[in-house]
Structure formats: C-alpha cells, structure tokens
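Student: Okay, predicted coordinates and the sequence, questions at the end:
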Amino acid sequence: MNADRHLMIAFEGTEPPPDTLALLAEGNVAGVTLFNAANVRDAGQVADLTAALRDAAPEPILVATDQEGGQLMALGPDTTPFAGAMALGATGDPDLARRVARAIGTELRALGVDLNYAPVCDVATNPNNPSLGTRSFSDDPALVAEMAAQTIAGLHEAAVLTTAKHFPGQGEAVVDPHHDLPVLDLDPVRLDEVELVPFRAAISAGVDAMMVGHYGLPSVTGRPDLPTSVAGSAVDGLLRNRLGFGGVVITDALDMAALPQGVGQIIDAVCALAAGVDLLLTTPDPGALKRLRTGLDLAVRRGLLSHRALTVSRRRIDDLRRRVSDGDRPNIAEVRSFEHLRLAEELARRSVTLVRDRDRLLPLPTAGPLLTVMPRPSDLTPADTSSLVPPLLAASLRRHHPDVIEVVTEPEPTDGDVAGALEMATRADRIVAGTISAGPRQARLVQTLLDTGKPVVTVALRTPFDLLSYPSAGTHLCTYSILEPSMTALGDVLFGRSAARGSLPVAIGDLHPRGWSA
C-alpha cells in the first residue's frame, strides 16, 4: 500500500519539474498545492501549469491553492482583488459573500484549480493574534458561521471544492504556528459556544474538506504540547465522532515550526495519519518530500499504520478526487473580468467603516497640501501576500486632491521615518495616516503626527484593532484591505463622494462594540 496517496505535493517553479511530472505519472499522489511565491507569474502561466499537471496524471488529481482574497491571494495580482473575509463581515451581507465566492471560484476553475483552501472559519476573538487578521469574517461566531456557509455555497456554484480551516479554531492564538506551537487554553464550553460554531455550519453546508491546524488544545488532547493535527482525540474524536464530519481531513502545512522539522517531521506525519488525517500538506522542499515518502512507506511496511484505517482514508480521498468537475472550464477571460471587478468595487464600497469623526474633519477639503503616511506593505506572516501590493493610499487621494504629499515608511517605522514624516507634516494642512496591524513603532509615528496639532485622519488599513494603539485619534476609519478597490473606496469616502457603509465586524476593545459605525 503506497503512502503517496496521502500527499498533497508542492514544488518550486512556474513549470512543473521533471520529478514532479514523473511522480504524478505514477498515479498515486492525491494532488498538488500551488503557492504564490513558488509557482505564480501570471494568469496565463498558471493555466498552462495546471493543464500540464493534469495531463501528467493518469486519473483526476486535486489542484489546490489558498485564494481567500484580501491578505492571501495565492494566484497573484492577475486575479480580481477582492478585499477578503473581514471586509465581507463589515458588510454583514451573506449574499454578497456567496457572490464573491462564486466569482473567486469561477476564476479558480478558469485557471485550472479545483480545490480552494477556504473559507477561514476562525473567530477573531483576540486582537493580538499575529497570524489571523482580516482572514476572519468577525469575532461573532454566528456571523462567521453564516458567512462561511455562503462562501461554501458560492464556491460550489462555481464547481470548486472547499476546505474549512483552521480546525479547531485559531482565533485565540497568541503566536503564529509558522514560528511556534500556539496553545489554546479553551475549556469545552467555550470551545463549543465559540470556536466550533462555524465548523458545524461548514459541515452542514457540505464543506468538502477540513484543514486541521497545528495548535495545542489541552482541554481536548490532555496535553499542551501535542498539536491537534496529530492527536486522535482532536481529529477522530472531536471532528469525526462528535461533529460528524465524514469528509477529507488535511493538515495545515507541514513546514510550520509548530511541528518538529527535519527527520522528526516523519514521526508527526505518521501520527497525523494514525489520528484520522487523510492528506498531508507538503511544501516546495524536495528533500523534505523525499524523507516523508520514504518514512511513510516504511511505517506502512512496519505496520505502524492500520491497513483498514488507511483503506477507509483512501476511499475518502478518492471520493474527493472523483468530485473534481469534468465539465468545461470557464474562459480565462473570466479572470479579472469587468463583472468581477465591479463586484470587488461593491465589496470595497460597502465595507469601508467610519468608526468616529469626533474632530469633524470629514469630508476633507480639496484645498491646501495634504500629507499621506503609510507603511510599505509587507508579509506579516508566511501566509500572506501583502508584499506584492504597492502602497496605494496617496494614489487614491490624488484622484480627488491636487496636492498630495506622500510618505511611505518601513513596515516598522524607523527614527528616520518618524523624523521625515514630521518634517513633511510642517508643509501640510491636513494628514491622513494609514496603519497596517499597528505595533509600537507605527503607533509612535501616528501619535507624533497627532501631537502636531494638525488635523489628522487615521485609517486602519488592515485590522480595526489598530485604534487600540492610538486611542486618542479623533477621526478614524477602517478599510480591512490595502488592495486597490478598497483604497479607491476610501478616497471616495474621505472626500465625501460616497458614504461609509460598513460596520465593525469586531469589537475594538472597550472603545467601540461590534456593529458600531459613526
């Protein structure tokens, strides 16, 4: 019994390397995951790549990616720049979530991708979570559940398979599993009433796969150091037996430091399959893949994995593969089509949120120099594509104002950045300061600008929680996205061309409750 059936492989390159084609030709591996940094140049290249992968395999394979929208656009800037989950949460419109998901799914199918690692079912309960951000719809379990269910429906309408993640829910994590093992200190009642609510909804909505994350959950596993992805009590016990999920379970990426790396990874891979996981998500490391294949085959030969359990697991995998649509794919012209761009604009316009305007600064006048300050977008975690997005704040305001001074700082502003912004502030009548997941250095820069006494509008360009870092700001908005449609919508709101229509999908500490809009 070959263990390759339990692998989602990956590789480096915009064309499939010979060893990947040979492995696919053997007909054993379940499928391939595409990553932005490893595999994507443009839409035409992705379509050619996925066609080559499918042609190499003697039977249907799963071609998967993370096309969530917002801060995780795995198929690159040629796809439509939808603002993402938290922007959808700010609209409060499940039907819009379904329409956006259907558009994303149509583009995935056009590019040859049949399995999306979405929706994110995590509940954004912890403002200090370093890896979730705007990938979550809300801090309200019921809203997350409704939005996730409609996302699944929309992707299914486009004939794309779906994955709910990151079971059992990572909202309370205080470290990124890419770097360490987060431990979730959640009692069973809290888990049942918050974290598990969206996953139940996803199961009811017919989600095809479930991605289990690498988190310590002692209330379920009995140990803080045992990742849920390798724990039978979490996978077979909680997910399959208690929640009744009968579909495919896939791990989050195996290269995360929440798991041992190197040779030790093989032990956890064996444990994951023994725990009830079906698919192992590998990354583009040929050495790691070779070790993993060798180790799993040896584990099967040594009887460390139940032949009966593996047979049942393979039935689930093969059933998922058979559900890959064999119908005609949409034309590649659907990717970033006019209709989809209009939908992205609708999402952006309906999500921009005015949190407060105590200083009565809005709408901004078009006379007098205007300073914009924002950090250069960067990838805050490895599960991020923000670094591919240019800083667009100044450009969005220049559509309305003839005299915009632009300052773009480092992601963590240096002393020189602060001094430079302060010097430019002396030349401006008003300031618009944007922040992206503001830490102490961004907060210091904003506070320095506020202390000038000049009119300052602050904008959280990612998570609304930034206001906690500079609570004295009197006029504050949220966009939930740095992508072009959201920046354009922000400019329209700032200059009174349109109203801010969104409401907060999360509470900003004790400053503003969920649902608040000024």
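Tutor: Noted; the coordinates are in hand.
Student: What is the neighbour count of residue 37?
Tutor: Each residue near residue 37 was counted by other Cβ atoms under 10 Å, and the total is 14. To be clear about C-beta, it is placed using only N, CA and C from the backbone, and glycine gets the same treatment.
Student: and stretch 171-188, C-alpha only, in PDB?
Tutor: Coordinates of the C-alpha atoms in stretch 171-188 are reproduced here as PDB (Å, rounded to 0.1, in the frame of the first residue of the first chain):
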ATOM      1  CA  GLY A 171      -8.800  32.900  17.000                       C
ATOM      2  CA  GLU A 172      -7.200  32.900  20.500                       C
ATOM      3  CA  ALA A 173      -3.700  32.100  19.300                       C
ATOM      4  CA  VAL A 174      -1.000  34.500  20.500                       C
ATOM      5  CA  VAL A 175       1.800  33.100  18.500                       C
ATOM      6  CA  ASP A 176       2.000  32.200  14.800                       C
ATOM      7  CA  PRO A 177       2.200  28.400  14.100                       C
ATOM      8  CA  HIS A 178       4.700  29.200  11.400                       C
ATOM      9  CA  HIS A 179       7.100  30.000  14.200                       C
ATOM     10  CA  ASP A 180       5.900  28.100  17.300                       C
ATOM     11  CA  LEU A 181       3.100  25.900  18.700                       C
ATOM     12  CA  PRO A 182       0.200  28.100  19.900                       C
ATOM     13  CA  VAL A 183      -1.500  26.700  22.900                       C
ATOM     14  CA  LEU A 184      -5.300  27.400  23.100                       C
ATOM     15  CA  ASP A 185      -6.500  27.500  26.700                       C
ATOM     16  CA  LEU A 186     -10.100  26.900  25.900                       C
ATOM     17  CA  ASP A 187     -12.500  24.900  28.100                       C
ATOM     18  CA  PRO A 188     -15.100  22.600  26.500                       C
END
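Student: quick one: contacts of that stretch?
Tutor: Residues outside stretch 171-188 that contact it (Cβ atoms under 8 Å, 6 or more residues apart in numbering) are 122-126, 128-132, 136, 139, 168-170, 194-195, 213-220, 224-225, 227, 252, 256-259, 381-383.
Student: what does stretch 45-64 give?
Tutor: If you take Cβ under 8 Å, 6+ apart as the criterion, stretch 45-64 is touched by 8, 14-16, 20-21, 24-25, 27, 29-34, 39-40, 75-76, 78, 110-117, 161, 163, 320-322, 324, 326, 332.
Student: Can you list which of those are found in strands?
Tutor: The strands in this structure, assigned by DSSP state E, contain 8, 31, 32, 33, 115, 116, 161, 163 from those.
Student: The last one and residue 115: what is the separation?
Tutor: If I follow you right, that is residue 163. 7 Å (Cβ to Cβ, to the nearest Å).
Student: Please identify every residue contacting each of the two.
Tutor: Both residue 163 and residue 115 are contacted by 64, 208, 209, under the criterion Cβ under 8 Å, 6+ apart.
Student: average pLDDT for the strand or helix carrying residue 289?
Tutor: Taking DSSP states H and E as the definition, residue 289 sits inside helix 286-301. Across helix 286-301, pLDDT averages out at 94.
Student: still on that earlier bit, could you pick out which of the contacts of stretch 171-188 are located in strands?
Tutor: Nothing among these maps onto strands, per DSSP E.
Student: Which of these are buried, as a PyMOL select command?
Tutor: Selecting only the buried entries of the contacts of stretch 171-188 in PyMOL, with 16 or more other Cβ atoms under 10 Å as the criterion:
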select buried, resi 122+123+124+125+126+129+130+131+132+136+139+168+169+170+194+195+213+214+215+216+217+220+227+252+256+258+259+381+382+383
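Student: Return the subset of the contacts of stretch 171-188 lying in helices.
Tutor: Among the contacts of stretch 171-188, the ones falling in helices (DSSP state H) are 218, 219, 220.
Student: got the contact list for the first one?
Tutor: Contact partners of residue 218, counting by Cβ under 8 Å, 6+ apart, are 183, 185, 224.
Student: Need phi/psi at the last one.
Tutor: Right, residue 224. In this entry, residue 224 is assigned phi and psi values of phi -70, psi -20 (degrees, to the nearest 10).
Student: Likewise for the second one?
Tutor: When read as degrees, to the nearest 10, the backbone of residue 185 gives phi -90, psi 80.
Student: number of nearby residues for it?
Tutor: Here the neighbour count serves as a burial measure; for residue 185 (other Cβ under 10 Å) it reads 12.
Student: can you tell me the distance between the two ends of stretch 355-370?
Tutor: Separation of the first and last residues of stretch 355-370 by Cα to Cα, to the nearest Å is 21 Å.
Student: ugh, typo on my part, it should be stretch 50-63
Tutor: 7 Å.
Student: Let me see the mean pLDDT of that stretch.
Tutor: The predicted confidence, averaged over stretch 50-63, sits at 96.
Student: Would you mind listing the buried residues in it?
Tutor: 50, 53, 54, 56, 57, 60, 61, 62, 63.
Student: How about stretch 292-305?
Tutor: 292, 293, 295, 296, 299, 300, 305.
Student: do the same with stretch 261-268
Tutor: Applying a neighbour-count criterion of 16+ other Cβ under 10 Å, the buried positions in stretch 261-268 are 265, 266, 268.
Student: Can you pick out the ones from those residues that are in helices?
Tutor: Checking the buried residues of stretch 261-268 against DSSP H, those in helices are 265, 266, 268.
Student: what's the distance between the second one and residue 291?
Tutor: As judged by Cβ to Cβ, residue 266 and residue 291 stand 6 Å apart.
Student: Report the residue spans of the stretch 251-400 of the chain with pLDDT below the cut-off.
Tutor: Residues of the stretch 251-400 of the chain meeting the criterion pLDDT under 70: none.
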